[in-house]
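[1] pasted the sequence and its predicted model underneath.
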Amino acid sequence: MKENVSKVISEVVGGMEREQIKELLETPPDSSMGDMALPCFAFAKVMHKNPASIALEIKEKLEDYKDDLCIDRIDAVGGYCNLFFDRAEYVKKVLTSLQQDNHGVMKTGEGKTVCIDYSSPNIAKNFHVGHLRTTVIGNSLYKIYDKLGYKVVRINHLGDWGTQFGKLIVAYKKWSSKEAVEEKGIQELLDIYVKFNSEKEAYPELMDEARGWFAKMEAGDKEALSIWKWFKKISMIEFERVYKMLGIDFDSYTGESFYREKVPALSKLLTEKGLLVESQGANVIDLSEYDMPPCMITKKDGSSIYHSRDIAAVLYRKEKYDFDKCLYVTGLEQSLHFKQVFKAIELMGYDYYKNLIHVPYGLVSLEGEKLSTRTGNIIYAEDILNEAINRAKELINEKNPTLEDKDNVSKKVGIGAVIFHDLFNQRIKNIDFSWDDVLSFEGTTGPYVQYTYARAGSILRKYGKKITDSNIEYKALTDDSTYELIKAISGYEKAIEAAATRYEPSVMARFLISLCTTFNKFYQECKILKEENENVKTARLYLVGLAKDIIVEGCDLLGIQCPEEM
């Protein structure tokens, strides 16, 4: 509708391009003000008239095009040109579009590849609430891009290399044992890591030992690598358990260790391109011209570092996947790091640096303090998920004790609550963790959306007959509440496209809340099963089924499952 209306206005008015007019068109906050509105203030400079006069003039010129545009009425009010659609024609257009494959969502990504780097926990550290953010944001973006037809490569760039492993080996040899690690698993590794960081203040020589062990790892020392591989295996068991709870998979687990062997070739390439310079014994790319610190490639002892491994990863991914876009879902605090890495790729002469995109998210804090594995100020993701499941089960026992398959429903509702709470917020916002907020099942929450889905399913089960689109009477769906629901559903494709364009799953979460609120208003105000007019009943039931399908599909795009009953 925007496309058609903007085209006609640009032809009859002149002085402004169709795309500019399309950007101006908006949805009024109240449907009594129209289905679409054109603010005419931007035309004042072009037409040299006041906005109210311009609105009246545009109204008069559009009158001849009302039938072509499926417009029933046009009002000129205070500098706005308000358009009221022919409801039956609008309903027909929307439902016809949604009846197509993929619910009318265009496969705009066909033939294109997107790599998404997300989750990426550090080996030998518990999967905490901070990792949960990158994991659910990245998983949702994967599903959204997949829906748009892209080939998506899900990359878990494990933090499995670096000086921290030197620290861990020292800590293991001083304060732990094989038996303790085998008994306690990743918790023992975390405990001794925290101990190392508290002891190094009093005994700075511990850091020299740690650097020595990491240098051994880089040199291929058998003992050092054997301990490292053991720690990695223990960690992966823990990570996989959380991923299974969340229903998340990856296509690649190539972490930092995979790229360390590619750093010598990278150093050679950078030298050939005249980009590598020596600085205090280390090799760096000088970025002072771009108001950035130097991008370190190798340390004094020749070992690799985050920057060099990430640059090597970019080159490898481009060669292996030939991506059209590569997203990095990491914390906002890593913005400078990725600016340096992307600038290095640009200076190397690769124009695909433009398609490397950092997707930052805000910090998670605990009672105002930053989460830190070093200090032990941490909340584990698995604890959050289990607590959410337990609370959901308590609520089910209280409100619907005879519900079948309580364990499965509790899992879907509890985990759905945690995921939705994260994704409903704009990703860039900082979050101060609160158990009550995360596990709330009332208001703008995942359980509210899931309950709306279950309610729609209950209506259809009670009716018990299949409804096809061939016997829908569009005029039966033009009353106010039903029409508002159709308008809400019609925003589905736009929400998906906006979520993908802005790398922002919260767009999808907010669309679902709006849709469910509108659906529940429709449910309260319109007779459905008790409607006496068979044509109206059939049409409304068809709409219930369509809303149900969009809700469950939208939830899946967030990584949330919907139970049939709650």
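    Yes, it's here. Predicted model only: the values in this text are computed from it and were never measured.

[2] what ranges do the helices span in the stretch 351-500 of the chain?
    For the stretch 351-500 of the chain, applying DSSP state H, counting those that start in this stretch gives helices covering 381-399, 406-424, 435-438, 446-463, 480-490, 492-502.

[3] what is the third one packed up against?
    Judged by 3 or more C-beta pairs under 8 Å, 6 or more residues apart in numbering; DSSP states H and E, helix 435-438 is in contact with helix 381-399, helix 406-424. Where you see a C-beta, it was placed from the backbone N, CA and C, and this is true even at glycine.

[4] likewise the second one?
    In terms of contacts (3+ C-beta pairs under 8 Å, 6+ apart), helix 406-424 is packed against helix 129-147, helix 222-246, helix 381-399, helix 435-438, helix 446-463, helix 506-525, helix 534-558.

[5] tabulate those helices (JSON lines), appending mean pLDDT, mean neighbour count and distance to residue 120.
    Formatted as JSON lines, the helices and strands packed on helix 406-424 follow (pLDDT from 0 to 100; neighbours: other C-beta atoms under 10 Å; distance: least, C-beta to C-beta, whole Å):
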{"stretch": "helix 129-147", "mean pLDDT": "95", "mean neighbour count": "24", "distance to residue 120": "7"}
{"stretch": "helix 222-246", "mean pLDDT": "94", "mean neighbour count": "16", "distance to residue 120": "10"}
{"stretch": "helix 381-399", "mean pLDDT": "92", "mean neighbour count": "17", "distance to residue 120": "14"}
{"stretch": "helix 435-438", "mean pLDDT": "76", "mean neighbour count": "13", "distance to residue 120": "22"}
{"stretch": "helix 446-463", "mean pLDDT": "96", "mean neighbour count": "20", "distance to residue 120": "25"}
{"stretch": "helix 506-525", "mean pLDDT": "97", "mean neighbour count": "20", "distance to residue 120": "21"}
{"stretch": "helix 534-558", "mean pLDDT": "96", "mean neighbour count": "21", "distance to residue 120": "20"}
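
[6] closest one to residue 358 among the helices of the stretch 351-500 of the chain?
    Comparing the helices of the stretch 351-500 of the chain by their distance to residue 358 (C-beta to C-beta), the top pick is helix 492-502, with 13.6 Å.

[7] pLDDT of that closest one, averaged?
    The average pLDDT for helix 492-502 rounds to 97.

[8] packing partners for it?
    By 3+ C-beta pairs under 8 Å, 6+ apart, helix 492-502 packs against helix 129-147, helix 506-525, helix 534-558.

[9] save these as CSV, and put in distance to residue 386 too.
    As requested, the helices and strands packed on helix 492-502 are exported to CSV (distance: least, C-beta to C-beta, whole Å):
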stretch, distance to residue 386
helix 129-147, 13
helix 506-525, 23
helix 534-558, 20
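
[10] among those helices, which comes closest to residue 96?
    It is, among the helices and strands packed on helix 492-502 and with distance given as C-beta to C-beta, helix 534-558, at 11.9 Å.

[11] which helices and strands sit right next to the closest one?
    Helix 534-558 packs on helix 87-98, helix 129-147, helix 406-424, helix 446-463, helix 480-490, helix 492-502, helix 506-525, going by 3+ C-beta pairs under 8 Å, 6+ apart.

[12] before we move on, the earlier item: and of the helices of the stretch 351-500 of the chain, who's closest to residue 342?
    helix 492-502 (19.0 Å).

[13] can you check which of the helices and strands packed on helix 492-502 gets nearest to residue 415?
    helix 129-147 (9.9 Å).

[14] what packs against the helix or strand following that closest one?
    For helix 129-147, the succeeding helix or strand toward the C-terminus, using DSSP states H and E, is strand 151-155. The contact analysis (3+ C-beta pairs under 8 Å, 6+ apart) places strand 151-155 against strand 113-117, helix 129-147, helix 306-321.

[15] contacts for the helix or strand just after strand 151-155?
    Following strand 151-155 in sequence order, the next helix or strand is helix 163-175 (DSSP H and E). Under the criterion C-beta atoms under 8 Å, 6 or more residues apart in numbering, residues 122-124, 181, 189, 192-193, 195-197, 200, 206-207, 209-215, 217, 224, 227-228, 231 lie in contact with helix 163-175.
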